[in-house]
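**Q** What shape does this take:
(one chain, ligands or ions: 1)
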Amino acid sequence: MRLPARWILLSAAALVVACSSDEDDDPMMPPLDDPDPSNPSVFEVQGSADFTIRHDGAFHYLFSWTDPSGTYTDVPDPTLVLEVGETYTFTRVTEAHPFRITTGALPVSGSDGSFLRTTTSTPEIESFSMTPLEDFTSDPAPANDAILWTPTSGDVGDYYYTCLVVAHTGMTGAIRVR
Ligand SMILES: [Cu+2]
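**A** Predicted coordinates:
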């Protein structure tokens, strides 16, 4: 039996597509969870930036900063997309609510702009914290010690920030280093 020429051509094209997509996708390396740029809570911060952090009750952190794309004021729990090699400061300027950066393994639910920490265990939060702890904690006033972070290529990945008051589960957001 002779196969129609058109069928052979289509089959060859499908084989080429299948082979090229095999090269692009490494099944052992799931892609990083890319933030959705259409989500208004996701901010691709341009260049180095200084984040000033206030709070809305026990519900949200409020971030203010300026970068070449504009000035942002009191943004509740933004997802911050940061760049390797740039330097960022995170400074708490109002009372209470110690601010901690953790790894992406912190147990949370929700999505960009509305994350909730799902653990209320201090030892568990500590276990997922970035170390040294004091370098990734911004204490409230009057200490006002800032976190100063220049992510390296080894830091590419996902992180969270959260309040160390265990009941303040909504004071949680994401940082993605790209
Ligand atoms: Cu808090």
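**Q** For the chain, which segments are assigned as strands?
**A** Counting by DSSP state E, the chain forms strands over residues 42-44, 49-56, 60-67, 70-76, 79-82, 88-92, 99-103, 108-109, 116-117, 137-138, 147-149, 157-163, 172-177, given from the N-terminal end onward.
**Q** which residues sit against stretch 151-160?
**A** When contacts are defined by C-beta atoms under 8 Å, 6 or more residues apart in numbering, stretch 151-160 is touched by residues 32-33, 82-86, 88, 101-104, 106, 108, 115, 117, 130, 172-178. All C-beta atoms are positioned from the backbone trio N, CA, C, and that covers glycine.
**Q** Would you write a PyMOL line that selects the buried entries of the residues you listed?
**A** Restricted to the buried members of the contacts of stretch 151-160, where burial is judged by 16 or more other C-beta atoms under 10 Å, the PyMOL selection command reads as follows:
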select buried, resi 82+83+86+88+101+102+104+106+108+115+117+130+172+173+174+175+176+177
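**Q** List phi and psi for the nearest residue to residue 173 once chain neighbours are set aside.
**A** If you skip the residues right next to it in sequence, residue 173 has residue 77 as its closest partner in space, 3.9 Å away by C-beta to C-beta, 6 or more residues apart in numbering. Listed backbone geometry of residue 77 is phi 40, psi 60, with angles given as degrees, to the nearest 10.
**Q** Show the contacting residues for residue 95.
**A** Residue 95 makes contact with 140-141, according to C-beta under 8 Å, 6+ apart.
**Q** The ion versus the residue nearest to residue 173, what's the distance?
**A** In this structure, residue 77 and the ion are separated by 11 Å, where distance is defined by C-beta to the ion, to the nearest Å.
**Q** measure that residue to residue 110 for me?
**A** Summarising the geometry, the distance separating residue 77 from residue 110, computed by C-beta to C-beta, to the nearest Å, is 10 Å.
**Q** Looking at the two, which has the bigger crowd around it?
**A** Between residue 77 and residue 110, counted using other C-beta atoms under 10 Å, the more crowded position is residue 77 (24 against 16).
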